[in-house]
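**Q** Pasting the sequence and the predicted coordinates here, then a few questions.
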Amino acid sequence: MTTDHRRLTRNGSLVRTVGTGVVLAIGAGIACWYWWRGPNASQETNRLQQKEEEEHRKEREKEPSRCVIVTKTLSEMKDFDWQKFLKDDIVFIVVPGETFLDPSQGFEIDPKVGYKIIRCDTILGVWSCVKSLKKDSLIVIGDEVEGGIPDDISNFTKNIRDVKSKEELLTIFPIPF
Amino acid sequence: MDLGNNEMFLSNDMLHEKQGHNSLIEDNIITSINNSRRGSLVTQDSEFELDDALLTGSDLDYDYEDELDDMIVLPITNAKRKQINEGGVPNLEYECLTTKDIFNRMLERVNHLQPIFSLPLEDIIILMQHYDWNEERLLEKWTDKMDDLLTEIGLIHENGNLTVNERGVALKEDFECGICCEVKSVEVFSLECGHEYCIECYRRYIQGRLHSGNIITCMGCSVALKNEDIDEIMGYESSNKLMYSSIKSFVSKHHRNYKWCPYTDCKCIIHLDDTSSLSEYSRLHYSPFVKCNALHRFCFSCGFEIHAPADCDITNAWIKKARKESENLNWVLSNTKECPKCSVNIEKDGGCNHMVCSSCKYEFCWICEGEWAPHGKSFYQCTLYKNEDGKYNKSSSQEANKLMKKYTFYYRMFNEHEVSAKLDWKLGQTVGIKVKSLQEKIGVSWIEGQFLAESLRTLNEGRTALKWSFAVAFYSDPSHNLTKIFVDNQALLSKAVEDLSELLQIKDPELIMRRKPDFYNKAGYVQNRTNALMECGRDLLCKGICKLTD
Amino acid sequence: MESRILKEYKDSRSLQSQYILALDPISTDDLTHWECTIKGPLHSPFANHTFKLRIDIPQTYPLTTPICKFEPFAMPHPNVNFETGEICLDILDTNWSPVFNIQYIVEAIVWLLNEPNFKSPLNLDLANLLRFDDLKAYHDLISYHLNNSAK
């Protein structure tokens, strides 16, 4: 009897240690799983956030910022409704000797957007402004600009559109019917 | 890359110069080194003819001024001329000055100007400091507008006739200083302008400006402080510090003609009057090497240590690249490596690359960790860079990788030799002790023992040349025949240098004496191979086989 | 230099200046960081605009100069770095003297707005406009940047 008892107790303690071992293992496994899944989960939320940000950015990028150099042809288009474009992200740089939406010629410009017209006294000043503004695209009738387009302008703007005719210009600035 | 002090060689060379018999001794040693088999007895005899009184150890206590005198008087001997005039470049005539000399020269120039300006010396010093010691500019401005100049510098106050306050220090009670806004009884300093500030503020202010080399003005206006004012405020001879930083700015403004010696704690300045020959030097891919009073040799163009066979462009490019790549290369710079066979840690303590593992007795080469046997027999295999993949691959990342590997190899070689040179120098410290023990135990005279020091110097030169030859090899076109010859030369010099290095590790004085002919032989061989390598390197540069590519 | 900064703080409480609208430390516990609001000088392209300056006082003040900066992307000026707001002014660098104080510095900066120096530029394009003597473009470009960033 005593031997049986002893065997039982020996077995009992054995069972107990095995049992605690198994519980511990399971606990460790769960902890590991949570820990592994944890950063992944936060990664997932991060990914979602990043996707949202990218979408926002793309929306913003759909409207590229533009820089237009106002030369002879443009300044002669007095009946054209340029003011409509002033609410976009756009800036007009007027070369020396030309006028553009000049108040003295009867134009009234909303002062809230009037700053988007920059008038220059020198052609070098025109290019300095372009370099300072760093807009996404530059629209210019290259033939009408004294000295042409400088080579290094491409370092300051992504897209250079050298317009060749008035018709092409109208495609860039469409007026809906 | 720091340039160690070659103090070890002071004794040897200085002695040569001082006696005026340098030609005799130097020629003797050179001929004896070059004669591979000649016994040393002949040279010993001729050495004994000299006056022994001059050769005592007390000559090691040296006075540079004597040295300077002697240097002017000594004729340029054939041996020296050979060293300077290798291959047709003009002699560089330069002089070495101490800071005191330059100081004196600057004061001389000030003295010259005194009759022109008729101002006190102190004021002229200030004027000169303002114009960076460029007298022409100063004189131009002076002839134009004298008074404006003086006001601008602060030598006269703008409202010249106002209350002329006493300049100096005075004690005031309950003084509120405008700078620190503290009210206390303190000494106060002011100039003629009348601006008074507490002396502690002035001290801090001057302390901050002493090292700029510019004139120090009153805190409240532009009236200049003279040297005596500075001394009065600071309490000791601080105006010297100002002069010293003036000297620094002077040297840096005239950097084409004046260069500091780059060795640590050496304050010598080399003055080269005529820089026209420098262009000839760079055309022939030589470097203008100069020597200062403390016998430190360095390149005048780039201010670094001697870098033959590489020229100054290669040296600069190499150093820039090394700085850029320093992180990648940390693993090659370690001084401890594992034995390739038994993996026990070994620390290198001598320059020789022939390692014997103390636990398993395996002999291997430190640089390539390969077996030593092939190194000992024929060419030094590890100087040859083996291009492992013969396939030509166009992808750029792989190209960059290959380039990186190639650079790593050359840099490793470069660095190994630099480290070895440093370790050799440490070893050199013990050579002095060895020579002494030779004298005491065997009764060898001091001059006889100089072969050790001379060998060490030859070894050092050889290693430096070898080190820089790797920079040249890196930038060379590997397919050209001349490059292959160059690499062969490197291998030969490597072996020669290792042999000599091994000899220098012998500790037993008797054995040293017995092997004295070997010392002469090996040192001579090293000298020959060094010269050959330098010539070959120069050839590579002149022929454009070695060139910088971005 | 605590008594000095304390004195300057006391003086700043009774400050009256045409162009300095505000000059205060960020917190009264820590007098080493100040913020200042200035008004653009009347006959300059900066008129009718206000600007914030950030002033940091180093430990070695007044022996060394305080560090002054505009807000980033707020000041288009030949001597101001548009992206960082750093100012290039001689008294803020080599010509500093311990007798200057914060108020003096700010006033000097206001003066600089009116009198730019195109010889030491931090904004190359604006400096070039001055160099080419294109005053109209200078004026309009500054206007553009000021109004654009105000959005």
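**A** Structure received. This is a predicted model, so every value here is computed, not measured.

**Q** use CA for all of it now, contacts and neighbours both
**A** Will do.

**Q** So, low pLDDT: which residues of the chain?
**A** Chain wasn't specified; assuming chain A. Applying pLDDT under 70 to chain A flags residues A:1-11, A:38-46, A:48-49, A:51-53, A:55-62, A:175-177.

**Q** My question was about chain C, not that one.
**A** C:150-151.

**Q** any idea which residue sits dead centre in it?
**A** Nearest to the mean C-alpha position of chain C, counting by Cα atoms, centre = their mean, stands C:I109 at 4.1 Å.

**Q** Apart from its chain neighbours, what residue comes closest to that one?
**A** C:L89 (7.9 Å; Cα to Cα, 6 or more residues apart in numbering or on different chains).

**Q** what's around that neighbour, how many residues?
**A** 20 (other Cα atoms under 10 Å in any protein chain shown).

**Q** can you give me the strands for chain A?
**A** A:66-70, A:90-94, A:117-119, A:137-140, A:159-162 (DSSP state E).

**Q** in what helix or strand does the residue of chain C found nearest chain A lie?
**A** The nearest approach of chain C to chain A comes at C:A137, 4.4 Å away (Cα to the nearest Cα). If you go by DSSP states H and E, C:A137 is part of helix C:135-150.

**Q** now the angle from that helix to strand A:90-94?
**A** Angle between the axes of helix C:135-150 and strand A:90-94 is 170 degrees (criterion: axes from the mean of the first three to the mean of the last three Cα atoms, to 10 degrees).

**Q** Closest residue of chain C to chain B?
**A** For chain C, Cα to the nearest Cα, closest residue to chain B: C:R4, 5.0 Å.

**Q** What are the neighbouring residues in contact with that residue?
**A** Applying Cα atoms under 8 Å, 6 or more residues apart in numbering or on different chains, one finds that C:R4 lies in contact with B:179-182.

**Q** is it fair to say it lies in a helix?
**A** Yes: looking at C:R4 with DSSP: H, G, I helix; E, B strand; the rest coil, it is inside a helix.

**Q** Give me the contact list for the one helix or strand C:Q103 maps to.
**A** Element membership for C:Q103 (DSSP H and E) is helix C:102-114. Contacting residues not belonging to helix C:102-114 are listed as C:8, C:12, C:19-20, C:38-41, C:43-44, C:46, C:66, C:77, C:89, C:91-92 [Cα under 8 Å, 6+ apart].

**Q** that older thread, ok, residues contacting the helix holding C:A137?
**A** Helix C:135-150 has contacts (Cα under 8 Å, 6+ apart) with A:115-121, A:125-126, A:129, C:45-46, C:73-77, C:126, C:129-130.

**Q** and that helix, how far out from the chain's middle?
**A** 18 Å (Cα atoms, centre = their mean, to the nearest Å).

**Q** among the contacts of helix C:102-114, which ones are buried?
**A** Neighbour-count burial (16 or more other Cα atoms under 10 Å in any protein chain shown) applied to the contacts of helix C:102-114 gives C:8, C:12, C:19-20, C:38-41, C:46, C:66, C:77, C:89, C:92.

**Q** Tell me which of those residues fall in strands.
**A** The strands in this structure, assigned by DSSP E, contain C:20, C:38-39 from those.

**Q** Of those residues, just say which sits nearest to B:L278.
**A** C:I38 (57.0 Å; Cα to Cα).

**Q** So that closest one sits against C:S17, correct?
**A** No: the pair C:I38 / C:S17 is not scored as a contact, 9.8 Å apart, by Cα atoms under 8 Å.

**Q** Which positions within stretch C:48-58 qualify as buried?
**A** Buried, per 16+ other Cα under 10 Å, within stretch C:48-58: C:50-57.

**Q** Need the contact partners of it.
**A** With Cα under 8 Å, 6+ apart, stretch C:48-58 has contacts from C:32-40, C:42, C:64-71, C:74-75.

**Q** Narrow those to those in helices?
**A** Using DSSP state H, the subset of the contacts of stretch C:48-58 located in helices is empty.

**Q** related to what we said a few turns ago, give the buried residues for the helix holding C:A137.
**A** Buried residues in helix C:135-150 (16+ other Cα under 10 Å): C:135-147.
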